[in-house]
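Visitor: Mind folding the following:
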Amino acid sequence: MDNFVYILCNKFEYDFLSAWIKYNRIKEGISQEALARGICSTSHLSYFENGKKKLRSELIEALLKKLRITNITDAKDIGLIRQKFHTLMFQVESFDYESAEITYNELSTLEALIRNSPYNIEFNIYSLMYDILVERKSYNELESSINMLDKVYSSLDQNLQYVYMLSTGRFLYEYISHTEGIRRLEKAYKIKETPWINYRLGVAYSLNWQHLKSIIYLEKALNSYSLSGRYRNSLECHSFLGSSYIFLKMYEQAEFHLTSVANGSDYFTLDKNIFAVYTNLAKLYLEMGKYDKSIEYCHLAMKPLNSWETDKRWTKSAWHASEQPILGACICIEAHKKLNDVFNYKEIFDKFLTDSYKNSVHYNYLYCLSLSIFNFNEDIFYKQVTDIILPLYRDTGYLDIHYKITLLLIKHLESKRKYKDANNLYHELLS
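Guide: Sure, this is the predicted structure:
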């Protein structure tokens with residue numbers, strides 16, 4: 001059956017019409033029963049809105065009239081607009097956020113052309129992808145858009161479902177729920193397997209401590225990106241593969257991937273810290289017991305980065321760069337503690353435990369390390385860790401930091417001869 005229908009003298013795709021009618025009905029607060037009354041059965045409208053049945057053009061026009069839509073813009077250039085959507089998606093996937101901003105601004109000038117057409121939802125979804133992955137807007141800013149698009153998701157065509165699940169999966173993993181974020185990413189993977197969804201799933205599993213799963217997806221993404229010559233994406237895969245192999249204590253493989261990042265990043269104009277290569281290598285050598293080498297990379301990470309404050313490339317594609325110096329400081333403290341050497345910790349704490357770093361993810365971990373050195377046997381250590389620091393990292397899903405702090409707390413409890421409490425925490429870690 002033809003997937004097109006003539007409505008108000010213009011030709012449109014059924015998929016976009018059904019989703020658009022559902023979108024406008026929900027937006028206007030009209031129930032299916034109210035909209036269908038006098039035109040078709042409620043069940044028939046429901047099937048139409050969800051892409052399971054088609055309606056005759058005169059019935060669709062009657063539904064639109066009831067929604068007070070009497071004119072639809074004929075987007076004759078929708079093919080060209082879609083090319084821009086695909087260009088935007090390619091640029092975002094490639095971390096080329098400067099070019100993505102130019103393409104998005106070009107698309108924004110065309111918004112008025114398709115605002116009163118079924119293709120407006122398509123524009124909304126690609127805009128949401130841009131807002132999530134490039135502009136990194138907050139949950140409060142995007143919550144209403146996501147809630148609305150969730151309601152029409154089943155009516156979207158598969159390509160739009162894929163883009164929507166990939167984008168919102170990445171977003172909800174970070175802001176709301178790891179479980180829901182991964183569920184959406186897995187749904188995108190089932191719709192269409194691509195290097196990008198393999199990468200996104202691999203990263204999510206890596207951050208969620210599911211490192212074996214992470215490696216499976218990241219290796220597939222790396223192979224695809226390498227074969228197609230997309231080396232910037234390949235380096236990102238190498239970076240997260242290195243992290244996963246560190247946690248699995250497969251140090252030779254981790255070193256291969258991380259040195260690939262260090263060597264490969266010489267070919268890019270951005271500073272190496274865009275790939276967190278110094279802090280990852282510092283973590284690797286800390287785990288391997290090569291503490292002096294770890295400290296060497298920590299000092300490279302701790303050097304102040306001026307470019308990310310002024311260069312647009314830092315504020316978008318390297319939004320995480322500002323975390324690297326304080327993370328390097330944390331690893332440096334850990335390495336010196338392992339060496340049991342006489343070290344002037346105060347210099348590092350004085351530099352990084354300041355207001356300018358207070359919003360950093362790693363600030364409270366560095367504060368915990370400070371307490372473990374200067375106040376380990378005091379009540380302030382126990383109170384700050386149990387009341388503030390541990391819950392913070394548990395709730396935000398930084399499981400590696402949560403694990404390390406729990407080990408410090410166990411040692412503190414053992415030093416106080418609270419063996420039962422220490423044992424309970426230890427069993428929690430094992431589970």
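
Visitor: average model confidence for the host helix or strand of residue 197?
Guide: Element membership for residue 197, per DSSP states H and E: helix 195-207. The average pLDDT for helix 195-207 rounds to 96.

Visitor: helices and strands around it, which ones?
Guide: Where contact means 3 or more C-beta pairs under 8 Å, 6 or more residues apart in numbering; DSSP states H and E, helix 195-207 is packed against helix 158-175, helix 178-191, helix 211-227, helix 231-247. C-betas here are computed from N, CA, C, even on glycine.

Visitor: Alpha carbons of that helix, as PDB, please.
Guide: What follows is helix 195-207 as a C-alpha-only set of coordinates in PDB (Å, rounded to 0.1, in the frame of the first residue of the first chain):
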ATOM      1  CA  PRO A 195      29.100   2.100  15.100                       C
ATOM      2  CA  TRP A 196      27.700   5.100  17.100                       C
ATOM      3  CA  ILE A 197      25.200   3.000  19.100                       C
ATOM      4  CA  ASN A 198      27.900   0.400  19.700                       C
ATOM      5  CA  TYR A 199      30.100   3.200  21.100                       C
ATOM      6  CA  ARG A 200      27.400   4.700  23.200                       C
ATOM      7  CA  LEU A 201      26.400   1.400  24.700                       C
ATOM      8  CA  GLY A 202      30.000   0.500  25.300                       C
ATOM      9  CA  VAL A 203      30.600   3.800  27.200                       C
ATOM     10  CA  ALA A 204      27.400   3.300  29.300                       C
ATOM     11  CA  TYR A 205      28.400  -0.200  30.200                       C
ATOM     12  CA  SER A 206      31.900   0.900  31.100                       C
ATOM     13  CA  LEU A 207      30.600   3.700  33.400                       C
END
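
Visitor: Go through that helix and flag the buried ones.
Guide: 195-207 (16 or more other C-beta atoms under 10 Å).

Visitor: Kindly report the same for stretch 133-149.
Guide: Those buried within stretch 133-149 under the rule 16+ other C-beta under 10 Å are 133-135, 142, 145-146, 149.

Visitor: for stretch 150-167, same thing?
Guide: Those would be 152-153, 155-157, 159-167, for stretch 150-167 by 16+ other C-beta under 10 Å.

Visitor: ok, now stretch 366-375?
Guide: So stretch 366-375, judged by 16+ other C-beta under 10 Å, has buried residues 366-372.

Visitor: how far does that stretch sit from the chain's center?
Guide: 31 Å (C-alpha atoms, centre = their mean, to the nearest Å).

Visitor: Among the buried residues of stretch 366-375, name the ones in helices.
Guide: If you go by DSSP state H, these have 366-372 in helices.

Visitor: For these, give me CSV that also has pLDDT and distance to residue 111.
Guide: Listed next are these as CSV, based on pLDDT from 0 to 100; distance: C-beta to C-beta, whole Å:
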residue, pLDDT, distance to residue 111
366, 96, 45
367, 96, 46
368, 96, 48
369, 95, 49
370, 95, 51
371, 95, 52
372, 94, 54
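
Visitor: before we move on, the earlier item: just want the angle from the helix holding residue 197 to helix 231-247.
Guide: 30 degrees (axes from the mean of the first three to the mean of the last three C-alpha atoms, to 10 degrees).

Visitor: can you list contacts of helix 195-207?
Guide: 93, 162, 166, 169-170, 173, 178, 181-182, 185-186, 188-189, 211, 213-218, 220-221, 224-225, 228, 230, 233, 236-237, 240-241, 243-244, 397 (C-beta atoms under 8 Å, 6 or more residues apart in numbering).

Visitor: tell me the angle of that helix relative to helix 178-191?
Guide: 150 degrees.

Visitor: can you give me the offset of stretch 81-90 from its chain's centre?
Guide: Worked out by C-alpha atoms, centre = their mean, stretch 81-90 lies 20 Å from the chain centre.

Visitor: Spit out the contact partners of the closest residue to residue 226 other than its chain neighbours.
Guide: Leaving aside its sequence neighbours, residue 226 sits nearest to residue 234 (C-beta to C-beta, 6 or more residues apart in numbering; 5.0 Å). Counting by C-beta under 8 Å, 6+ apart, residue 234 touches 222, 225-226, 264.

Visitor: what does the domain assignment say about this structure?
Guide: Domain assignment for the chain by automatic domain parsing gives 4-66, 78-167, 375-431.

Visitor: returning to what we had before: looking at the buried residues of helix 195-207, which is nearest residue 98?
Guide: Ranked by distance to residue 98 (C-beta to C-beta), these are led by residue 196 at 19.0 Å.

Visitor: what's the burial count for residue 250?
Guide: 14 (other C-beta atoms under 10 Å).

Visitor: cool, residue 387 as well?
Guide: 10.

Visitor: In stretch 225-239, which residues are buried?
Guide: 225, 230, 232-239.

Visitor: Name the spans of the stretch 201-350 of the chain whose pLDDT lies under the cut-off.
Guide: Low-confidence segments of the stretch 201-350 of the chain (pLDDT under 70): 265-275, 304-321.

Visitor: returning to what we had before: and the domains of the chain as CSV, adding distance to residue 362 and mean pLDDT?
Guide: Output for the domains of the chain, formatted as CSV (distance: least, C-beta to C-beta, whole Å; pLDDT from 0 to 100):
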stretch, distance to residue 362, mean pLDDT
domain 4-66, 42, 81
domain 78-167, 18, 88
domain 375-431, 8, 89
